[in-house]
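**Q** can you look at this prediction? I've put the sequence above it.
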Amino acid sequence: MPRPYRTLWLLIGVLAASVAACGGIGAVIMRREPLARETALMEARARWDASGFVAYRMQLSDRGCRLEVDVRAERVVSTRYAQLRACDQQPVAVRDLFALIERDGAVRRACVYRGCACDDVLNVRAEYHPSLGYPRSLEISLTPTPNWRHADFWRAAWRFRSLDVCDDLAIGSRMLTVVDVTPIQ
């Protein structure tokens, strides 16, 4: 192989190795936050399981609406609303809140914009009760996210000459708060 080509291939190899190394470092840094959230979730769930609550009353607040839920064996048995109208929030048990938190980063609704160019991805940030472990507050949001795997995304990117085809969509969010959890007989 002539010398100029050997130098070119060597340069391409070094460049590829550099890009791979940077990508690996970035992946480790990006993975640290989800790992911390997974650890916090597992520890909180272990505290809740150890609490021994078989029957409890949970008070929830969502968008100014308050409801009380009675739960036995992690199944909702009754619901009361603090106002005359029902809340948008469905009655849930602590188990259901943990299940929602586990879905953080999952696609909630596929194909929400420009055909299938964008998906809505569920994001859940939670804070846990320090001793009992149940989720005290959940910030729940739907974020429009590019659907790189679908041809509609690439058509929209070509049409608008941009990879930011989902940026003009609104991010929806809400805060669900567990006001109190008390054992019942």
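**A** Received it, and whenever you're ready, just let me know what you need.
**Q** excluding its backbone neighbours, what's nearest Ile171?
**A** Thr143 (5.3 Å; CB to CB, 6 or more residues apart in numbering). From N, CA and C alone the C-beta is placed, and that goes for glycine too.
**Q** tally of neighbours for the one you found?
**A** Using other CB atoms under 10 Å, Thr143 is surrounded by 18 other residues.
**Q** residues in contact with it?
**A** For Thr143, the contacting residues are Asp120, Val121, Asn123, Ile171, by CB atoms under 8 Å, 6 or more residues apart in numbering.
**Q** repeat that for Glu127.
**A** Glu127 makes contact with Pro135, Arg136, Ser137, according to CB under 8 Å, 6+ apart.
**Q** neighbour-wise, which one of these leads?
**A** Pro135 (23 neighbours).
**Q** for Arg75, list each beta-bridge partner.
**A** According to DSSP bridges, the residues that bridge with Arg75 are Arg72.
**Q** go ahead and confirm it touches Ala93.
**A** Yes. Judged on CB atoms under 8 Å, Arg75 makes contact with Ala93 at a distance of 6.6 Å.
**Q** quick check: the residue nearest to Ile171 vs Val107, distance?
**A** 11 Å (CB to CB, to the nearest Å).
**Q** so what sits against both of these two?
**A** Asp120, Val121.
**Q** tell me how many other residues crowd Asp49.
**A** Counted with other CB under 10 Å, Asp49 comes out at 11.
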